[in-house]
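>>> Next one to model:
(one chain, ligands or ions: 2)
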Amino acid sequence: MSKQRVLSGVQPTGNLHLGNYLGAIRNWVEIQDQYDNFFCVVDLHAITVPHDPKTLADDTYKIAALYLACGIDLQYSTIFVQSHVTAHSELTWLLNCITPLNWLERMIQFKEKAIKQGENVSVGLLDYPVLMAADILLYDADKVPVGEDQKQHLELTRDIAARVNDKFGKKKEPVLKIPDPLIRTEGARVMSLTDGTKKMSKSDPSEMSRISLLDSPDEIKKKIKRCKTDPIKGLVFDDPQRPECHNLLSLYQILAGKTKQEVATECQDMGWGQFKPLLTEVTIEALKPIQDKYKEIMDNKDYLNSVLQEGKAKAEEVANTTLSRVKDALGYLPSL
Ligand code: AMP
Ligand code: TRP
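Ligands and ions are numbered 1, 2, ... in the order given. Here you go, the predicted structure:
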């Protein structure tokens, strides 16, 4: 039996942080040998909010290099750039025309980002989830490993696929495969270091709110030293009054590779002065091999280009086949 397909992606906007790593990429790496995987750098999504043309190409390289540095293995996985495969834009248009506007207006991420943008909201920002649906559906993905914040977009993708199948599929022959989200409980929602009730995010104006995968040991030390805590001694998980405490303990648990019970016992009598150096140490240790490998890859652009070129070819083959199937179902005159 052939392997099931996985597709996921990250936007090339700024550096990846611990939330991206623990919520998404680490999980891709863990399951990659069981699936046929496609991981894209979603650069079309990156321009749904105002962007800087001077940094877009370099940010795209950076994310691709970080995928490899985090352990994405080309034996199992294909890495490519979304804008290099034009089928993503084309399927988005087709899906746009069958997606009801009010489905998009309900999206939480759109509402949050739109508030931040003020008057400057583009049509692209509203359409962002349809582009994401096209990314997924083009590859007939069975599973989509993402952080918890993307759950609603995955539900929308399923609804769009079901609608296409309903309107244009023949009885037993669906046009599009309906994908399942793959959301791990641990690390699915890493919170900000400056506010344990907000998710760690690339768009937070404060660098102190997140640990980037490329932060130096000194930066990591400084950020953990200054991060928000509380005055209570004895550190515990799951106390709704202590969101920062839960978040920092969870980070420690995942990065140290311990069980929740082990960490609960180890930290139950600790104060922050004792805990913070431990968290600092495991974070630096966990990121060091990623950073070393990242530098090596970024120093070899020829290699990186060859990875992306090969990725584009493999992705195009699958994507173009699906696109033709959809156009055919919609009744288009085949290209002459
Ligand atoms: P983005 O940075 O928005 O391109 O997100 C890329 C991936 O990282 C997606 O799968 C997100 O769900 C995941 N992600 C982003 N922020 C977090 C967070 N704070 N905690 C867990 N996962 C996250
Ligand atoms: N919207 C996702 C995020 O911000 C990124 C993304 C775009 C994605 N296309 C995708 C994730 C397809 C999974 C599958 O996190």
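>>> how about the residue of the stretch 1-150 of the chain at minimum distance from ligand 1, secondary structure?
The stretch 1-150 of the chain approaches ligand 1 most closely through Gly23 (2.0 Å), counting by CB to the nearest ligand atom. For glycine as for every other residue, the C-beta is placed from the backbone atoms N, C-alpha and C. With DSSP: H, G, I helix; E, B strand; the rest coil as the basis, Gly23 sits in helix.
>>> which residue packs closest to it, ignoring adjacent ones?
Gly147 (3.0 Å; CB to CB, 6 or more residues apart in numbering).
>>> what about that neighbour, distance to Thr259?
Noted for Gly147: a distance of 22 Å to Thr259, by CB to CB, to the nearest Å.
>>> So for these two, which residue has more residues nearby?
Each of Gly147 and Thr259 has its neighbours counted (other CB atoms under 10 Å); Gly147 has more, 21 against 10.
>>> Isn't the more buried one up against Ile183?
Yes. Assessed by CB atoms under 8 Å, Gly147 is found in contact with Ile183 at 7.1 Å.
>>> Shouldn't Glu119 be within a helix?
No. Using three-state DSSP, the assignment for Glu119 is coil, not a helix.
>>> Pull the number of nearby residues for it.
Glu119: 5 neighbours (other CB under 10 Å).
>>> Kindly report the same for the one 4 residues further on.
One way to gauge burial is a neighbour count; for Val123, by other CB under 10 Å, it gives 9.
>>> Which pLDDT value does the model give it?
In this prediction, Val123 carries a pLDDT score of 96.
>>> and the one helix or strand Gln152 maps to, what does it pack onto?
Element membership of Gln152, judged by DSSP states H and E, is helix 151-168. Applying 3 or more CB pairs under 8 Å, 6 or more residues apart in numbering; DSSP states H and E, we find helix 151-168 packed against helix 101-105, helix 108-117, helix 123-137, strand 180-182, helix 301-330.
>>> at 7 Å what do you get?
helix 123-137 (3 or more CB pairs under 7 Å, 6 or more residues apart in numbering; DSSP states H and E).
>>> is ligand 1 contacted by the helix it packs on?
No. Using CB under 6 Å from any ligand atom, helix 123-137 stays clear of ligand 1, with a minimum separation of 10.1 Å.
>>> okay, now Val41: neighbour count?
Neighbours around Val41, by other CB under 10 Å: 27.
>>> now Cys245, nearest residue through space, not along the chain?
Leaving aside its sequence neighbours, Cys245 sits nearest to Leu235 (CB to CB, 6+ apart; 5.6 Å).
>>> Find me the pLDDT at that neighbour, would you?
pLDDT for Leu235: 96.
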